[in-house]
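>>> Okay, here's the prediction I keep looking at, along with the sequence it came from:
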Amino acid sequence: MNLAAKLPLYARLTRLDKPIGILLLLWPTLWALWIAGAGRPEGLVLAIFIAGTVLMRSAGCVINDYADRNFDGHVERTRLRPLATGAVTTREAMALAAALSGVAFLLILPLNRLVILLSVPALFLAASYPFTKRFFAIPQAYLGIAFGFGIPMAFAALLGEVPALAWVMLVANVLWAIAYDTEYAMVDRPDDLKIGIKTSAITFGRFDVAAVMLCYAAFLGLMVWVGLAAGRGGAYFVGLVAAAGIAGYHWTLIRHRERPACFRAFRHNNWLGATVFAGLAVDYLLSAPI
């Protein structure tokens, strides 16, 4: 099979046809860029982080499928993934992941030394997350760190340091990730129980819905603190109230634990992240000097 025929398979392997993961990774990074840049992040830095988000999420998907290649064939939702079916070889997958990570690293070279240093743990987190499902009771927490590491990197890029505010935002993102990825794990719980993978949906058991809602509440509580610490105004907090309403809607979707509804709730988190960003962006616009 020639390269042209392989490209659609590589696109599926990197989930470019399913951008929800890119968006869930992007929103926290944009929150950080807007706060660190006082509502006006540098255009070059913004472009680098957006492109890097796409590249690293794509690389992460490849590594995830490599790690799960012996499991995906036993799960209804993943049984047709390119590595599970053998349409893409493990050597091709690792070469693709390395190429994507390499391009992402080249992108940050114009930025300062601290960003480059932070890229090392960022890469480690992205590469190691898929394997945590073997032994971590709540791998979703690890995912939250990996998906949120753009936050300290954004502050480092624009301020040359990582203030305490950035780390609080990272913790908030971990809580959000536990919430939305538990909803995702609730979809695959019957299959994951059979194959022995650990997830928060299994760990929380019958308290899964309560745990999701508590994580949403803690996430929003920390984001209130972030807004106060960053001196944000009414529009930002209106955005958080709207986000709380979206989280409440997710409760209506997941409370009966029906797989399609849980998956819908997971995907709908894009709108929660977008709502927080919209409130933040509007707040900075309203407070900008005329």
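Yep, that arrived.
>>> The residue nearest to residue 62 when sequence neighbours are not counted: neighbour count?
Spatially, and ignoring its direct neighbours in sequence, residue 62 is nearest to residue 97 (4.2 Å; Cβ to Cβ, 6 or more residues apart in numbering). Every C-beta, even on glycine, is put in place using the N, C-alpha and C of the backbone. By the criterion of other Cβ atoms under 10 Å, residue 97 has 23 neighbours.
>>> ok, residue 97 - contacts?
Applying Cβ atoms under 8 Å, 6 or more residues apart in numbering to residue 97 gives the contacts 59, 62, 63, 66, 127.
>>> now swap in residue 75 and tell me
Each residue near residue 75 by Cβ under 8 Å, 6+ apart is listed here: 188, 191, 192, 195.
>>> returning to what we had before: highest neighbour count among the contacts of residue 97?
Ranked by the number of neighbours (other Cβ under 10 Å), the contacts of residue 97 place residue 62 first, at 27 neighbours.
>>> Does anything pack onto the helix or strand where that residue lies? Which helices or strands?
Residue 62 is part of helix 43-67, with elements assigned from DSSP states H and E. In terms of contacts (3 or more Cβ pairs under 8 Å, 6 or more residues apart in numbering; DSSP states H and E), helix 43-67 is packed against helix 3-13, helix 20-36, helix 82-85, helix 90-108, helix 113-132, helix 150-159.
>>> Flag every buried residue along that helix.
By 16 or more other Cβ atoms under 10 Å, the buried positions in helix 43-67 come out as 45-46, 48-49, 52-67.
>>> Over to stretch 164-180?
Residues of stretch 164-180 classed as buried by neighbour count (16+ other Cβ under 10 Å): 165-166, 168-180.
>>> With stretch 154-161 instead?
Residues of stretch 154-161 classed as buried: 154, 155, 156, 157, 158 (neighbour count, 16+ other Cβ under 10 Å).
>>> need the residues you listed in a markdown table with distance to residue 89 and pLDDT, can you?
Formatted as a markdown table, the buried residues of stretch 154-161 follow (distance: Cβ to Cβ, whole Å; pLDDT from 0 to 100):
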| residue | distance to residue 89 | pLDDT |
| --- | --- | --- |
| 154 | 36 | 98 |
| 155 | 40 | 98 |
| 156 | 37 | 98 |
| 157 | 36 | 97 |
| 158 | 41 | 97 |
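>>> With respect to residue 245, which of these is nearest?
Nearest to residue 245 among the buried residues of stretch 154-161: residue 154, at 27.0 Å, using Cβ to Cβ.
>>> Ignoring the adjacent residues along the chain, who's closest to the closest one?
Among residues not flanking residue 154 along the chain, residue 32 sits closest, at 3.7 Å (Cβ to Cβ, 6+ apart).
>>> Tell me who's in contact with the one you found.
Residue 32 neighbours (Cβ under 8 Å, 6+ apart): 150, 151, 152, 154, 155, 166, 169.
>>> and which of these is nearest to residue 13?
When the contacts of residue 32 are compared against residue 13 (criterion: Cβ to Cβ), the nearest one is residue 150, at 22.2 Å.
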